[in-house]
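>>> I need the structure of the sequence given here:
(chains A, B, C and D, ligands or ions: 4)
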Amino acid sequence: ACDGGGGGGTSATGAFDPATCQGGTLTVLNQGGITHLDPARLYTSGGGNIPSLLFRTLTTRNRQPGEAGAKPAPDLATDLGTPSDGAKTWTYRLRDDVFFEDGTPITSADVKYGIERSFAPELPGGAPYLRDWLQDAASYQGPYKQPEGIKAIETPDDRTIVFKLSKPEGDFPFLATATQFAPVPKAKDKGVGYEAHPISSGPYQVESYEPKKSLVLVRNTHWSSKSDTLRYACPDRIEVTAGLDAAVINQRLVSGAGQDANAATTDAPVGPEQLAQLGTGGPLDKQVARGEFPATYYLAFNTKKAPFDNQKVREALSYAVNRTSVVNALGGSTIVGSSTTFLPPQKALGYQPYDHFPAGDTGDPAKAKQVLAEAGVSNLTIELAHSNSDDSGYGPKVAAAVQEAFKQAGVTVKLTAIDDATYRDVTGKPATEPSASLQYWGADWPSGGPFLIPIFDGRQIITAGGNFNLAQYNDPQVNAEIDAINALTDQSTAQARWGALDTTIGKLALTIPLAHEKDVFLFGKNVKNAVPDGWRGTYDLARISVK
Amino acid sequence: MIGYLARRLGGAVLVLFGLSLLLYGLFYLAPSDPAVLTCGKGCTPERLAEVRHAMGVDDPVFTQYRHFLEGIVAGRDYPAGPNTRHCPAPCLGYSFETDQPVTALLADRLPVSASLAFGAEVLSLVAGIGAGLLAGLRRYRWLDRVVNGLVLAGYAVPVFLVGLLLLLLFCVQLQWLPFPTYVPLTTDPLAWAQNLLLPWVALAVIQTAAYARLTRAGIQETLAEDHIRTARAYGLPESRIVRRRALRGALLPLVTLTAIDLAAIMTSAVLTETMFGLPGVGQLLVGAVNQIDLPVVVGVTLLTGLLIVIANAVADLLYAAVDPRVELR
Amino acid sequence: MTDLVVEDLRIRFGDTVAVDGLSFELPAGGALGIVGESGSGKSATALALLGLHTAAQVEGRITFGADNLTTLTERRWRQVRGAQIAMVFQEPLTALSPFHTIGDQIAEVYRLHTGASRRAARDRAVEVLRQVHIPDPARRAASYPHQFSGGMRQRALIAMALSCRPQLIVADEPTTALDVTVQAQILDLLDEVRETTGTSLLLISHDLGVVTGSTDHVVVMRRGVAVEQGRTDAVLVAPEAAYTRELLAAVPHPKPPRTIDGEPLLRLAGVRKHFRQRRRGEPVRAVDDVTLDVRAGETLGIVGESGTGKTTLARLMTGLLTPTAGTITLDGTDLRRRPGGSVQMVFQDPMSSLNPRRTIGESIADPLRLSGVRDPRPHVEDLLERVGLARREYDRYPHQLSGGMRQRVGIARALAPHPRLIVCDEPVSSLDVTTQAQVLSLLEDLRTEFGLTMVFVSHDLAVLRQIADRVAVLYEGRIVELGDTASVYEQPQHAYTKELLAAVPVTDPAEARRLRALRRAQVTA
Amino acid sequence: MRALRRDRGFLVGAAIALLMILVAATAPLLAAAAGQDYTTYHDNLLDSARGGVPLGRLGGISGDHWLGLEPGTGRDLFARVVYGAQVSLGVAVGATILEVLIGLLVGTAAGLGGRWADGILTRLVDLVLALPILVIAISLLAIVPQDWPRPLLLATVIAVLGWGGTARITRGETLTLRTRDYVAAARLSGAGWFRIARREILPGLTAPVLTYAALLLPTNMVVEAGLSFLGVGVRPPTPSWGQMLSTATTWFRADPMYVIIPGGLLFLTLLSFVLVANGLRRALDPRQSEVLR
Ligand SMILES: Nc1ncnc2c1ncn2[C@@H]1O[C@H](COP(=O)(O)OP(=O)(O)OP(=O)(O)O)[C@@H](O)[C@H]1O
Ligand SMILES: Nc1ncnc2c1ncn2[C@@H]1O[C@H](COP(=O)(O)OP(=O)(O)OP(=O)(O)O)[C@@H](O)[C@H]1O
Ligand SMILES: [Mg+2]
Ligand SMILES: [Mg+2]
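Numbering: from 1, shown residues only, chains lettered A, B, ... in the order given. Ligands and ions are numbered 1, 2, ... in the order given. Model (predicted):
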């Protein structure tokens, strides 16, 4: 059932020559806008699509299709970093030929300062890992209140930067792709106002920026393709328009009138309108990129609450679920695939197929009833929380599909809608956590760790809020295994053990995996080299050409 | 006149005050915490507390509201990293979500909504009055019937249905028009109009129906008035009577309506702006509500409330200007 | 040369026949009056003379000079209207366009018919305004109609009629909406205009007194038919048709004097009622320092022109309004503490005084129910019978009754709770003369039968003379004269009372001429 | 009333409106008659690879599914449409009734009350009229506890924000009615304000308020549809026409029937109500009837 991730569709990449792709204006049509352009405040997996046009980080996405693309690659740094002290210390050396948009060379102090800024409460929103991973950083309040800086980051010279971690983290090269690892010149830092014009280290710089509305990028003349082989930076100019309706975006990409022929999108997957025209051999088949971003839709049980403290009940419901209806509710089999595993089917994450509660695609209500009877439970009524918005992927439609499937097994489901904006807030606080809820989890980087640790590591149960271990599952053995895998710096060994761990935990039915994401994106008819990468499943703006 | 304006202004301030208090109250009662969204995924409780403090949402609601009022009157200073940011009066604060000053956001979005409302209003006035006149003068009975039918149908179609049909017909099927994007009037007037044409039409449908109906009724009503009979009794030709006498009386109610509607359209364009992806005030608001972006929600609401109040005052002034009988009180 | 000849005029609105075979003649320079009660087809006839009917079928012949008006084209009509035949309408408030200045409206008509220059037209407008005695006409020409009083508006309309020097002016009830004094002025003006310009005048009115002094011929209409016509002197002095006699008989006549020295029932001492105005400035002193006793058993008349505070005073007396200053006592106790139903009122507008959504029986029964009567229906039916209505009218709704019947219902309702005092605010002003006479005699009968005390408010001196024992003359909120009816009428003391009396239209042609002369003398003096 | 019986537009409108009300009232029976309910998924009848479009022609219309299927879920469209009628009409009618009640209460109180009461209530009405309704409705619906009965809540929210017009009209009418002489007559016979309001004023308010309410009904229906369109309307699996239309926007070309059926019904129902309102106004509003005479 798995096509191994990424790289389904587009034309042969062999014909594409990055050396002659330069020129033209690329239009990007997006639904949601960029709310922040400050590298400290961005939370995008692997530096995202648009930010990485501006910010170079210590490491970056490898931007290859398929499995190869799920690996980090050196960016500002000369390599993926040198671990020592059992992966508790990571040392990077910066390249010599990297400059800010004003021509000043980038130093290790700039990288350190960039990271320190992300600790300031004035600049919230970034990924939380560094607070946890760096030694004694949890209470650091940023350079404005504590100018002395973080001790755990050392810059012995202008080119070298050393990170001291509190525990072994083999995934550090993945984390170093985050925008928090982008350099920020202290002299240019305006705090909250910095994002109006962040100083670029990448191929483009900001010409104009209005949050959630528009962003215009032009070439950064101090960037050179010699120093950066991953970003092709073909268009001379990139104009992002945000706040559009998904259906409108896709219609525009299909009709391709005027400048729309040179358009692409980073956040509007195809809708049913276009799906009907895809795969029919029509012209649209040449304008589509199919990939897979590792992400899972699942149903989470709160095992601290009855009846889900009873494993049999969880198993019974795992039998009852009808994945076909869930897939249809999420947009059909072209843009989601049904899942019986928590890890999405990608090798980089360590995916190992399993189906502990085989019930076919449409569920096995008879078996579910039987298991419930075994457990001595009858006339079961449960509550299921979901978001009030279908855009989230855990909205009313999926909830209704689950409700209907459970009804077949004699289980009554009362749906509780929670406002989308507060959904994570409510479900992430054990005090307010519902007994069962629909959830979605995407990888911050393509590795088993960020997928399994927040969900199943017992030490990650945060009672005050922001918790993702919704089962509130705490097994010392599992915790120990997680630590052991974290210390591995060899990815293939790590992958195998993540997969095994997932298979083991899956037996407990702490969650019901429902489906995994697939990504089908259209692009304008003049757009070339729109190849989905293996990391995010979508094409990379840094490699697209409109010439 | 001055006294009148002063009284209107006083009333407006009261209404706006009530509105903002209401919103603060509502948001305070709401279970959602804006800091959670700002802080992002995996935010620890300690970090959340810090962020909440930095955003100023850890104060009691009355303190927050007081700061807000002070900001409007005297401006406010906000912590912003290495230095503080001064938000000059009338300060509506900074967006929780994007950290932009709300006043700037509003100033940025207003032209879009205003263009939308203005065009739609002009369109519906022209079409509505035209149709209403044709029907009201009853030169041809069948025309009256047709217009009447269209008017009723106009009342019965929701904006989003019209918008959708228009998009599909003109942008997808026929491709006569571009998918609407906002081009400022000052940049390219032609592109401005071309892009806004469909949203205008979509928004104008209901208004057109209302205007047609009003004009039709107004014309018939004035034509039945005594002074029209006088004009006839003194041999004035019918066309002149219609032009000089009846139109004035029939269009008078429209004058007041126009100003009020202009404000009403601007505030109710949420659906249209969302559907056509136009970056106007309505779209700003929908996003802000979803993101619990209190300063923006309050700002938009105050702005729209202010617009309605101003529109009402303008309507009264206009009415007094066109109808010599009216005196401002 | 320009005789107006109407032959066998028939006007039909669908099935209703408004005018049925009317014929009359109006010689050049003559003045013809048409009188008749409401709905008798007067306006229909006037509109036919100008070809202004849209919904009606008009048959018959109307010749005006050389033209047969019934066969004119619309084009030719437009040349006739305003230029040869001009019309003055009843409602001066609505007959002028509110959006244009008086001068513009007159000038527009003038320009249309003469093709004069703007300037000349403006000058002509000022000229005719001066001719109708608008003070400072050059300035007032720039005023809008709402800035004119009712009388001035009517003058402006007459000025408009004059502007193109027509051969005929048709005036349809030109004074009905005006005060008596103003009415007299307008009638005098029309007369003067006729004399100075030589136009003929067709004057329509429901009031015999109005046509008496201003016309030489009169047509009496009833239900679309002329029941009598002839020289005014002849018809009014020696009527032939029964209907004309009825009309003349219905005109109020002085009643034999009665002296009443009862105890004061209602006492008003220094009563004022001021209404604050929306715009800053002096409040309206609707009633200003009125001291007055209503004696038990008498009928006190209160007379005054529009806006002098009659209604306000009446409402004060019933307790519907509370005075700004002063005291009102009923039987020695403050009026505010009166028992419910002890003071009742009969209102002017019979349409608005009955709830259109309730049967008339229910309306009358209400006060009875409130005073604790369980089953008021028989009582109410008795009352209905007493005021001259059938018992079964109980279940009918106001709109199913005629104006006179409605007024009877209003009286029955006032009687129901056995009040000590009934205040009648212009109870007959909106009724036809004949109906008016019936209602007045009903009131008089009831007064004697029940020994009622009444306050009777009216603007019509003749009516008061028939019903009141004493009369108070109200002028700008003050009582300027108070005395026995006979003495007030015969030896008026106050100048205003004199003016009022001089303006009263009378049905005796000789008396009418005398009064006109008197007024002329007053004006020139 | 006789005028109404001769008004063809009114008769057609009333017939359709009655039919819709009947459909809404008997939704469970109708769905049962069709052998369907509005929650069951028919995944086997969908083309999952094409996003979940119903298989077969015309959105899957068949003997079993009279109006076809809902794309994406395969729920029976006929059942959903008739239940949707219940919600759409129920919310609109409920909101209208509430609005009229609040409006009547506030309007008569302001009209009959003293200068102070009138001043305060009129300010309140102005405030309500100045509220950007859609905006506040969205925030309100996001704030209230999610487990409250949704249609009731929708009706309440719409009414709470929308009673200003009724109140204003009621106040105006009351102000004119209270100057009528029959009110004075009632006072003179000793009736209190409450009795006057009930017996003399209220009957006079019926016509203007009824005609206004008749126009409010379709307006409220549009508001419900709009709120559902923006995703804050009724909760699944409860269907409503507005909600269907909002999902339908993504299926426009893939499954036109899913737009045409609820869109057409919404249009038809709104049109019928507008026709009824129009007829009522002509019959009850004397000003209008004068013009027509
Ligand atoms: N437009 C019309 N349509 C139908 N019937 C009409 C119309 N105008 C007048 N009538 C009827 O014609 C008859 C005569 O009306 P007309 O207006 O001439 O009476 P009038 O003598 O002027 O009465 P008033 O003193 O009340 O002005 C009445 O019965 C009236 O109801
Ligand atoms: N409620 C009120 N508010 C303000 N002014 C009022 C009010 N009622 C009456 N007035 C004013 O008081 C004055 C006297 O009015 P009132 O109605 O008593 O006159 P009237 O003699 O009855 O006139 P009419 O003959 O026209 O009925 C008028 O100038 C009127 O405008
Ligand atoms: Mg008449
Ligand atoms: Mg009066």
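
>>> against chain C, how distant is the spatially most central residue of chain D?
The residue lying closest to the centre of chain D (Cα atoms, centre = their mean) is residue D:92, at 2.2 Å. Going from residue D:92 to chain C by Cβ to the nearest Cβ, to the nearest Å gives 28 Å. The C-beta positions use only the backbone N, C-alpha and C, and glycine is treated the same way.

>>> so which strand or helix has that residue?
Element membership of residue D:92, judged by DSSP states H and E, is helix D:77-112.

>>> contact partners for the closest residue to chain A within the stretch 1-150 of chain B?
Across the stretch 1-150 of chain B, the shortest distance to chain A (Cβ to the nearest Cβ) belongs to residue B:81, at 1.7 Å. Neighbouring residues of residue B:81 by Cβ atoms under 8 Å, 6 or more residues apart in numbering or on different chains: A:117, A:120, A:122, A:123, A:144, A:189, A:190, A:191, A:192, A:193, A:194.

>>> sec struct for it, please.
Using DSSP: H, G, I helix; E, B strand; the rest coil, the structure places residue B:81 in coil.

>>> ok, back up a step: contact partners for the residue nearest to the centre of chain D?
By Cβ under 8 Å, 6+ apart, residue D:92 lies in contact with D:155, D:217, D:218, D:220, D:221, D:224.

>>> what's the closest of these to residue A:272?
For the contacts of residue D:92, the closest approach to residue A:272 (Cβ to Cβ) belongs to residue D:224, at 25.0 Å.

>>> with adjacent residues omitted, what lies nearest to the closest one?
Among residues not flanking residue D:224 along the chain, residue D:91 sits closest, at 4.6 Å (Cβ to Cβ, 6 or more residues apart in numbering or on different chains).

>>> does that neighbour touch residue D:155 like I think?
Yes: using Cβ atoms under 8 Å, residue D:91 is in contact with residue D:155, at 4.9 Å.

>>> list only those of the contacts of residue B:81 flagged as buried.
Among the contacts of residue B:81, those classed as buried by 16 or more other Cβ atoms under 10 Å in any protein chain shown are A:117, A:120, A:122, A:123, A:144, A:189, A:190, A:191, A:192, A:194.

>>> among the residues you listed, which one lies nearest to ligand 4?
The closest of the buried ones among the contacts of residue B:81 to ligand 4 turns out to be residue A:192 (Cβ to the ion; 71.5 Å).

>>> still on that earlier bit, now do the phi/psi pair for the residue of the stretch 1-150 of chain B closest to chain A.
The phi and psi values for residue B:81, taken as degrees, to the nearest 10, are phi 90, psi -120.

>>> and it, what's its pLDDT?
Residue B:81 carries a pLDDT value of 76.

>>> which residue, other than its chain neighbours, is closest to it?
Residue nearest to residue B:81 in three dimensions, not counting chain neighbours: residue A:191, with 1.7 Å by Cβ to Cβ, 6+ apart.

>>> for chain D, what is the nearest residue in chain C?
Closest point on chain C to chain D, by Cβ to the nearest Cβ, is residue C:340, at 2.2 Å.

>>> contacts only, for residue A:409.
Contact analysis of residue A:409 by Cβ under 8 Å, 6+ apart lists A:316, A:317, A:319, A:320, A:363, A:365, A:368, A:369, A:372.

>>> put together JSON lines for those, with secondary structure, distance to residue B:239 and neighbour count on each row.
Converted to JSON lines, those look like this (DSSP: H, G, I helix; E, B strand; the rest coil; distance: Cβ to Cβ, whole Å; neighbours: other Cβ atoms under 10 Å in any protein chain shown):
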{"residue": "A:316", "secondary structure": "helix", "distance to residue B:239": "83", "neighbour count": "29"}
{"residue": "A:317", "secondary structure": "helix", "distance to residue B:239": "79", "neighbour count": "29"}
{"residue": "A:319", "secondary structure": "helix", "distance to residue B:239": "82", "neighbour count": "23"}
{"residue": "A:320", "secondary structure": "helix", "distance to residue B:239": "78", "neighbour count": "27"}
{"residue": "A:363", "secondary structure": "coil", "distance to residue B:239": "76", "neighbour count": "24"}
{"residue": "A:365", "secondary structure": "helix", "distance to residue B:239": "78", "neighbour count": "21"}
{"residue": "A:368", "secondary structure": "helix", "distance to residue B:239": "81", "neighbour count": "26"}
{"residue": "A:369", "secondary structure": "helix", "distance to residue B:239": "83", "neighbour count": "18"}
{"residue": "A:372", "secondary structure": "helix", "distance to residue B:239": "84", "neighbour count": "25"}
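
>>> count of neighbours near the residue of the stretch 101-250 of chain C at minimum distance from ligand 2?
Closest to ligand 2 within the stretch 101-250 of chain C is residue C:179: 8.0 Å, counting by Cβ to the nearest ligand atom. By other Cβ atoms under 10 Å in any protein chain shown, the residues close to residue C:179 number 20.

>>> what's the answer for residue A:286, then?
Using other Cβ under 10 Å, residue A:286 has 11 other residues around it.

>>> quick check, it in a helix?
Yes: membership of residue A:286 in a helix is supported by three-state DSSP.

>>> gap between it and residue D:90?
From residue A:286 across to residue D:90, the span is 49 Å (Cβ to Cβ, to the nearest Å).

>>> hang on, the earlier thing: how about the residue of chain C closest to chain D, nearest residue that isn't a chain neighbour?
Nearest one to residue C:340, counting by Cβ to Cβ, 6+ apart, is residue D:190 at 2.2 Å.

>>> help me confirm that that neighbour comes into contact with residue C:371.
Yes: using Cβ under 8 Å, residue D:190 is in contact with residue C:371, at 7.3 Å.

>>> for chain D, which residue gets nearest to chain C?
For chain D, Cβ to the nearest Cβ, closest residue to chain C: residue D:190, 2.2 Å.

>>> which strand or helix spans that residue?
Of the helices and strands defined by DSSP H and E, none includes residue D:190.

>>> residues near residue A:285, how many?
Burial of residue A:285, expressed as a neighbour count using other Cβ under 10 Å, amounts to 13.

>>> which residues touch whatever residue of the stretch 151-300 of chain B ends up closest to ligand 2?
As assessed by Cβ to the nearest ligand atom, ligand 2 sits closest to residue B:226 within the stretch 151-300 of chain B, at 19.8 Å. Taking Cβ under 8 Å, 6+ apart as the criterion, residue B:226 is in contact with C:89, C:91, C:94, C:95.
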